[in-house]
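> Here is my input, please return the structure:
(6 chains)
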Protein chains: 6
Amino acid sequence: MSRIAAFGEVMMRLEVPGYSTLAQENRLAYSFSGSGVNVLSAMSRYGHDVFLLSALPDNSLGEAAFANLRRLGLSTRHIKRSGQYIGMYVLEKGFGARASKVTYNDRQGSSFNTAEFSDEQLEAAVADADVIHFCGIALAMNDRVRDNMLRLAGEARRQGKTIVFDCNYRPSLWGENGYERAKPYFQQLLGLADIVLMNEKDAIGVLGMSTARTSREEQLEELIPAVAKQYNIRAIAGTHRRVNGDNTHCLKGFLYNGNRLVWGKERSFLVYDRVGAGDAYASGIMDGLLRELAPEQIVEFASSAARLAHTFPGDTPMSSREEIVKAMSCETGDVER
Amino acid sequence: MSRIAAFGEVMMRLEVPGYSTLAQENRLAYSFSGSGVNVLSAMSRYGHDVFLLSALPDNSLGEAAFANLRRLGLSTRHIKRSGQYIGMYVLEKGFGARASKVTYNDRQGSSFNTAEFSDEQLEAAVADADVIHFCGIALAMNDRVRDNMLRLAGEARRQGKTIVFDCNYRPSLWGENGYERAKPYFQQLLGLADIVLMNEKDAIGVLGMSTARTSREEQLEELIPAVAKQYNIRAIAGTHRRVNGDNTHCLKGFLYNGNRLVWGKERSFLVYDRVGAGDAYASGIMDGLLRELAPEQIVEFASSAARLAHTFPGDTPMSSREEIVKAMSCETGDVER
Amino acid sequence: MSRIAAFGEVMMRLEVPGYSTLAQENRLAYSFSGSGVNVLSAMSRYGHDVFLLSALPDNSLGEAAFANLRRLGLSTRHIKRSGQYIGMYVLEKGFGARASKVTYNDRQGSSFNTAEFSDEQLEAAVADADVIHFCGIALAMNDRVRDNMLRLAGEARRQGKTIVFDCNYRPSLWGENGYERAKPYFQQLLGLADIVLMNEKDAIGVLGMSTARTSREEQLEELIPAVAKQYNIRAIAGTHRRVNGDNTHCLKGFLYNGNRLVWGKERSFLVYDRVGAGDAYASGIMDGLLRELAPEQIVEFASSAARLAHTFPGDTPMSSREEIVKAMSCETGDVER
Amino acid sequence: MSRIAAFGEVMMRLEVPGYSTLAQENRLAYSFSGSGVNVLSAMSRYGHDVFLLSALPDNSLGEAAFANLRRLGLSTRHIKRSGQYIGMYVLEKGFGARASKVTYNDRQGSSFNTAEFSDEQLEAAVADADVIHFCGIALAMNDRVRDNMLRLAGEARRQGKTIVFDCNYRPSLWGENGYERAKPYFQQLLGLADIVLMNEKDAIGVLGMSTARTSREEQLEELIPAVAKQYNIRAIAGTHRRVNGDNTHCLKGFLYNGNRLVWGKERSFLVYDRVGAGDAYASGIMDGLLRELAPEQIVEFASSAARLAHTFPGDTPMSSREEIVKAMSCETGDVER
Amino acid sequence: MSRIAAFGEVMMRLEVPGYSTLAQENRLAYSFSGSGVNVLSAMSRYGHDVFLLSALPDNSLGEAAFANLRRLGLSTRHIKRSGQYIGMYVLEKGFGARASKVTYNDRQGSSFNTAEFSDEQLEAAVADADVIHFCGIALAMNDRVRDNMLRLAGEARRQGKTIVFDCNYRPSLWGENGYERAKPYFQQLLGLADIVLMNEKDAIGVLGMSTARTSREEQLEELIPAVAKQYNIRAIAGTHRRVNGDNTHCLKGFLYNGNRLVWGKERSFLVYDRVGAGDAYASGIMDGLLRELAPEQIVEFASSAARLAHTFPGDTPMSSREEIVKAMSCETGDVER
Amino acid sequence: MSRIAAFGEVMMRLEVPGYSTLAQENRLAYSFSGSGVNVLSAMSRYGHDVFLLSALPDNSLGEAAFANLRRLGLSTRHIKRSGQYIGMYVLEKGFGARASKVTYNDRQGSSFNTAEFSDEQLEAAVADADVIHFCGIALAMNDRVRDNMLRLAGEARRQGKTIVFDCNYRPSLWGENGYERAKPYFQQLLGLADIVLMNEKDAIGVLGMSTARTSREEQLEELIPAVAKQYNIRAIAGTHRRVNGDNTHCLKGFLYNGNRLVWGKERSFLVYDRVGAGDAYASGIMDGLLRELAPEQIVEFASSAARLAHTFPGDTPMSSREEIVKAMSCETGDVER
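As a prediction, this is how the structure comes out:
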């Protein structure tokens, strides 16, 4: 069991029921998530002790978020009550040929995105953790958040803690000239990170690297080791995803670790709710590396965790380690009773 | 932007939630639709100015129908408040091997089916529109409705407006000897129409035409030009549909225009709610013809509109022109965020 | 235990959830009820063997109605599958100063209101019952229904069965000159009935009787015995109701039996759903007379049944005899656990 | 029939179902409202032609807002698509001793609160209306909104249109020294307004007026005429409200017009949803003044509209003129069927 | 039409809505089912007269169960009111790669599992039926239930009634050394039964039979006739099921009757709710044998019934004979309207 | 801030929505509660560190219970995973004259009621807490539970921790001769307790004390000090409740502490959900005594907490200290926004 922290925003997810659009309905389901929340909840199910470093408003919305973070197994002991708002997004689930649609409502003004964390707060949080998870989404927010992240990562490095960085480059958040704007921050984080989640697209897009290869697999096999070398990263993992028009996706995971790149098996599977599946993959990689499993096992575990995460409503992975392992080794079973 | 009218009934759709039967449940979702409603709502999304010519009762049910027509973007300025009832149907959604089931509750006594429209009302409505949509379902109702329709179509012809006629032959509504009973009315409408939605089955069944060909495609390619010629119709469009047992359908559209018949690509896609998809196709054709696009583009746009319409709950198409175009040109995408 | 029949329509009740209007919502709760259904369901709870004489369509709506009648304890062995529609009404529940609103959708065309019952069917149903319940609402429908009712009542008289007639005069159903139109039919039924549900308003309005008294109580005390005498009715019962603006009603029951008029205590109580409470009162009176209880007990039992019926969602009374007796004798209790 | 405009924000209301808190539930009901929206929807029900001058984002949230404004009867022809967010608030309904709670989520960054309206846009909107409604809530937002409002009011005065100003002073929005901060803006609007909604608390608090009287009624009777005189206001109306612990409120309306102050009857009534009831009162006053009814009638009509507005879920009044008049003149009735 | 009885427990099914886990949600759908309930409800739809021999508590849970059994078409005349509890299970529906999960809450203490049925009660029930259905699940409960079952089966044999035994061996209910523990009871029931539902796995596992064949089909073809011979069973039927990861299953039925083994066609189909589909198959076999159809027809009818049963929410089959026959002979159709 | 423990069962509450009966509906809301859970959740809101000593099954039901206890703010670090079941009850909410009804489903076989706690487990739990809460409901269960409770209380006394005992005598759980059966266990707990929740009914009923006084207040004033003296109890608190037929209750609290008995004000208030309100009162008393407030303040705080607890759905109090204090000092307010 390790002590895992994550730095990240808590978002309120407002989901239109069924496959309706927001304009058709008058009811929503809500939950609280975020990249860090999702990773931590999974890590908590795997037996780790987890907490979120974040900020939430001191009102009914914050209260509800706290209750739901606790429900997911997170400790809230490092969450500030400051600011006034919570980031929100609306999810309209797609079906078949129609893609799901996420619409954000003001995130910039949220408690997290306006919070100042003092050096003392950051030091205390770092001291309380063995591993700290950072997400590239937060990097896209604003200077204050970036400053918080970089001071936190610096402190983690100083205290010798393990730093995980999930690139999660979101074009819509970085806007025009996004790659250029993102590059310096990504480089700083990569320079501090021990474990990184990314694939060849990040290397080409954000980091501006180039390759003569044409297939995605070959590009990845060339670029990922180069990234690891350049930024002195212990392990890099990620996935290739293909989206089909019949509610199925194909996913193929990889892990570069100890100078060796391992591919998982590509599998096709039915998708119920795609949001947050990347966080399930990340948490599977983190748990596997912490347990020092063989790379092949780690990739299969993380891929299985990701696959199952596509079958639950909500952003947050809900599978236990046992269920993930079972889904690795055997075929889909009949009803369990 | 054109001014589009439709003459048609507003139906109250009562949908059993999920995949239950009416005998299993105690809750319903309701909405208001109808062939004309669906076509107009789509045309409104495409930027046209639309209104329905219909009748609704002056009570809570009529009130709710008005509110929902406005929500869908329709103007209600030509809807009479008369009569006492609204037509209703119950939809029990099927799943896989089990077909969806529609059960009508008294339609004959509805405000629309008992309404008398004066010549003045019809003239005013025609004057207010550039294009008027008629549906073969209304033809099946009773003599009063047929009289209203034929007077309206006559007036539209007099004022030189564009007449669209969607055959929509429904065997269960016409009953025994349906083809025979329907034929004279269909012929009258076809004789007045500029744009017609139908396929070779209507030609063979309702119009009693014959062909030596055996494949549906060949039959269509022989009969549709003949229909266009005989009734002096500018453009005829329609689809071939194949229903599979795994919640997928195959659809292939066509458009005969300017003496040339163009087929769209056949595509297979997942179906969530099939009702109203034909109206999406019709509105795509109408919009494309109004914009004077190339026939190939029109068919692809209408087919894409129809495909997407299968992915929304409810009868009424919900896609914007941008979403339809996007679904034409690219593969199913990942969640949009 | 007696065998109780009722002749009456099964209505589908479509209830807007909470206190919204139909124009605000998109979901409905549905159930199946009707005056006869409500009386029989209560009688079934009191231990009697009950069946409905009615007609329902042979489709999903009829299927659902059958399932729900069985659920309420009714035998469906005398229900015809004929006709095509089921009567429907929408209930928008009021709150405080806003009255509840019932909107009917086509009832005239329903299976019940278009059904022909042969003499053999009526004879068989009468032979199967000890007591038969008739409701004045059905009298308002059309000539066919009235013919069915009068033939049935005649047959019941011939076979010496007990006839219960609940006047239930509904002004909106009888329309203009309603009293005049209703009078001959009400008189015929009253002439055949053994037990009647009515109050002085029916005597004055429908039967055209007059009195010099001014208070409702005195009017009733003068007119009800006169009605009983004139029409040779064994027992007449009914209530006085007062509706307050704070979701409470006041109810005071009476029973005239054996030349003696007994008043129950007037009580004020909170109302959740008022529809069908009159049927609960009627069933309490019927059960009490069948058990030959003292009139005072009968009125208190029926009043208690009616009061409780106001506290359940839906038209149909849900209380057991024990619960009704308990509610007669004691104050409102704390949660029962 | 008049042409009525309102300048105001569209808020998305997220309501926790039943009487739960946000922390207890996982579902919300949503609707779109706002002071201007509520007033306009009521005016539309009274037969006026209404439109909102506002701004909404060009995304799914804006789309849903548009659909719902149309549903409420508002024209959207003067609503800009600009900015990125929509103001939101969460409503946790109280019960008995527990007050309802409204929690805003970021409003400052909303499309409305960041929108620039050009002089041309404002002129066009003013030209399209006979009466324009302003609300003090918008004044509390920021300088841009205040600038828009004052330019709009100035233009309305120039074009000789009727200006309605509802003070709606909200302490929590104005923050510390709120009265002082608000005063200059309120004074400017009062100076331009023809019809004002306020009571003596606004005069004392915002305008800093004083009186030696101690009862609220007497204070009002002294101060309101003084305000009217000082700011040259044609009519001032408002209410006194008392909140009781048993889900009832007491409301007493007044109207000062033509140098005469008229009080309505104080009435106590059950409250289901209090939000928006003030807008119902305002719309009743506006409609009455436009129809040039007697002040006593206007107050009773507006009070009845307000009372009924407390009985509907949602912020927006749902009663027709007939229902309001009926609720004025008679007692609460039995179910209407 | 035959009189069919079943001996079995009524379970309350608590279903988590959608595809959520119990830990994610706060609402459940409930229904009442059980192997006997499911078989009888199907037989009732096929026109038979059916009743359940069971026990239920005399409280609100029992009341609700009674109402729902009646709704499903079952007579409750042989259900005891005794004991205090009802068996419950929670269903968390799986999706794609994630299997559905059933979690039982205390069943051992249920009314059924603690009920004593007197010899008189059993005799009366047997006398009331032509065919009696037994299920191996009940055998797994406890000695009291097994005693009830064996006495009932003995009495049925004495009165010469047809005994149907569905093996339904559930490993989790029999626990460690389950096969050994189950064997004697299964042998007793097989010795009394006329019609048996099982496949080769039961023969190998429970009965300890062996075969040199390796394919399931061949094993079955060797063992099932041997079982029939050894236990003198008139007919044995069952299925082979294969579960795929894309929400589809493959099913292939068989019937051994009159010394001849008939296989149905294997079909793949989409699955919505798998629970209870085995009971649909059993009822199809029973109905077919009662009607003395050809074995091929029986298997196809039972298979079609089972396939359709996978498409309804809830455990209980909902198809009419007509719908099943239609699904046998034709392809999936378009919406029926 | 103190460390508070409670020993008690976690119950799954299944609530029928609205005011329907279980036989009318097909959906339930569920939550997890229990006397100890409720007290601890309130204490957590008051800022204390709280944990439950209990047992839950290692399955989906236990998983959901864990998640929900965390949501309520409880630590689960002393909850055993053992046994197989969770106690359940169904709540059918009453309305007005109809009382709410609680129906338990098997509780005796639950994980809690079958759990063995080793001395080590009990010692560790006691060492982890400053105050331990016991509830008389658990005493009614069985010998194993009573043994666990008495060993735990003994250990708490040995370690010098504060023992709180809420008598909570439930007649239906103790059955016939309940007072006699309960007396010895209650006496043992009273002998060990520091703080007790009870009133004069417990003294007369369970403890068999007698008094010549006739009013409840006088009886209490005589008997409570006598109980405190006899059992050497530091503080005794409780309430008098009166249930009215209009959804209101009256409540009057008292506290006997330091030889002085203080009464709170009697207040009448509207009740939404009465279950668990006693636990809110108990937690208010505990918090007040821990903070060493004046007795008058403690009673008013506890009474206010109890009153508010009647206004939330669910068993568990949801108010913060601030909200309770606000509800003490002021009248019901208007909507807070």
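
> what residues does the stretch 101-250 of chain A put near chain E?
With Cβ under 8 Å from any Cβ of the partner chain as the criterion, the stretch 101-250 of chain A meets chain E at residues residue A:248. Glycine gets a C-beta too; all of them are placed from N, C-alpha and C.

> For the stretch 101-250 of chain A, which residue gets nearest to chain E?
With Cβ to the nearest Cβ as the measure, residue A:248 is the residue of the stretch 101-250 of chain A nearest to chain E, at 7.1 Å.

> Give the residue spans of chain A that score low on pLDDT.
Across chain A, the ranges flagged by pLDDT under 70 are A:330-332.

> what ranges do the strands span in it?
A:3-7, A:11-15, A:27-33, A:49-56, A:79-81, A:87-92, A:101-105, A:131-135, A:162-166, A:195-197, A:235-243, A:248-257, A:260-263, A:267-270 (DSSP state E).

> quick check, distance from the fifth one to the centre of its chain.
Between the centre of strand A:79-81 and the centre of its chain there are 21 Å (Cα atoms, centre = their mean, to the nearest Å).

> same check, this time on stretch A:189-197
Centre-to-centre, stretch A:189-197 and its host chain are 14 Å apart (Cα atoms, centre = their mean).

> Next: stretch A:94-114.
The answer for stretch A:94-114 is 15 Å, by Cα atoms, centre = their mean.

> Endpoints of that stretch, how far apart?
Using Cα to Cα, to the nearest Å, one end of stretch A:94-114 lies 32 Å from the other.

> Is there contact, residue-wise, from that stretch to chain D?
Yes: contact of stretch A:94-114 with chain D (Cβ under 8 Å from any Cβ) involves A:101, A:103, A:105-106, A:108-110.

> can you list the residues of chain A near chain D?
Residues of chain A lying near chain D (Cβ under 8 Å from any Cβ): A:14, A:21-23, A:26-31, A:59-61, A:63-64, A:66-68, A:84-86, A:88, A:90, A:92, A:101, A:103, A:105-106, A:108-110.

> Tell me which stretches of chain A form helices.
Under the criterion DSSP state H, chain A contains helices at A:35-45, A:60-71, A:111-114, A:119-127, A:136-139, A:143-158, A:171-174, A:178-192, A:200-205, A:216-231, A:277-290, A:295-309, A:321-329.

> Kindly reformat these as a markdown table containing mean neighbour count.
Shown next, in a markdown table, are those (neighbours: other Cβ atoms under 10 Å in any protein chain shown):
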| stretch | mean neighbour count |
| --- | --- |
| helix A:35-45 | 27 |
| helix A:60-71 | 23 |
| helix A:111-114 | 23 |
| helix A:119-127 | 16 |
| helix A:136-139 | 24 |
| helix A:143-158 | 18 |
| helix A:171-174 | 15 |
| helix A:178-192 | 17 |
| helix A:200-205 | 20 |
| helix A:216-231 | 17 |
| helix A:277-290 | 27 |
| helix A:295-309 | 25 |
| helix A:321-329 | 17 |
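
> Including distance to chain F, could the ones you listed go into a markdown table?
Supplementary listing: the helices of chain A in a markdown table, determined by distance: least, Cβ to the nearest Cβ, whole Å:
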| stretch | distance to chain F |
| --- | --- |
| helix A:35-45 | 10 |
| helix A:60-71 | 4 |
| helix A:111-114 | 19 |
| helix A:119-127 | 19 |
| helix A:136-139 | 25 |
| helix A:143-158 | 26 |
| helix A:171-174 | 31 |
| helix A:178-192 | 32 |
| helix A:200-205 | 35 |
| helix A:216-231 | 37 |
| helix A:277-290 | 18 |
| helix A:295-309 | 15 |
| helix A:321-329 | 11 |
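
> Could you export the ones you listed as TSV, including distance to residue E:79?
As requested, those are exported to TSV (distance: least, Cβ to Cβ, whole Å):
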stretch	distance to residue E:79
helix A:35-45	43
helix A:60-71	40
helix A:111-114	58
helix A:119-127	62
helix A:136-139	59
helix A:143-158	65
helix A:171-174	61
helix A:178-192	67
helix A:200-205	64
helix A:216-231	64
helix A:277-290	47
helix A:295-309	42
helix A:321-329	39
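
> Figure out which of these is closest to chain C.
Short answer: helix A:60-71, nearest of those by Cβ to the nearest Cβ, at 21.3 Å.

> Run the angle between the closest one and strand A:49-56 for me.
170 degrees (axes from the mean of the first three to the mean of the last three Cα atoms, to 10 degrees).

> How far off centre is helix A:60-71?
Distance, centroid of helix A:60-71 to centroid of chain: 20 Å (Cα atoms, centre = their mean).

> For residue A:155, give its distance to chain D.
Per Cβ to the nearest Cβ, to the nearest Å, residue A:155 is found 30 Å from chain D.

> follow-up on the earlier one: reformat the strands of chain A into a markdown table and put mean neighbour count next to each item.
Shown next, in a markdown table, are the strands of chain A (neighbours: other Cβ under 10 Å):
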| stretch | mean neighbour count |
| --- | --- |
| strand A:3-7 | 26 |
| strand A:11-15 | 23 |
| strand A:27-33 | 21 |
| strand A:49-56 | 25 |
| strand A:79-81 | 18 |
| strand A:87-92 | 23 |
| strand A:101-105 | 20 |
| strand A:131-135 | 27 |
| strand A:162-166 | 25 |
| strand A:195-197 | 27 |
| strand A:235-243 | 21 |
| strand A:248-257 | 22 |
| strand A:260-263 | 15 |
| strand A:267-270 | 18 |
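
> one step back: any idea how far the residue of the stretch 101-250 of chain A closest to chain E is from residue A:241?
For residue A:248, the distance to residue A:241 equals 11 Å [Cβ to Cβ, to the nearest Å].
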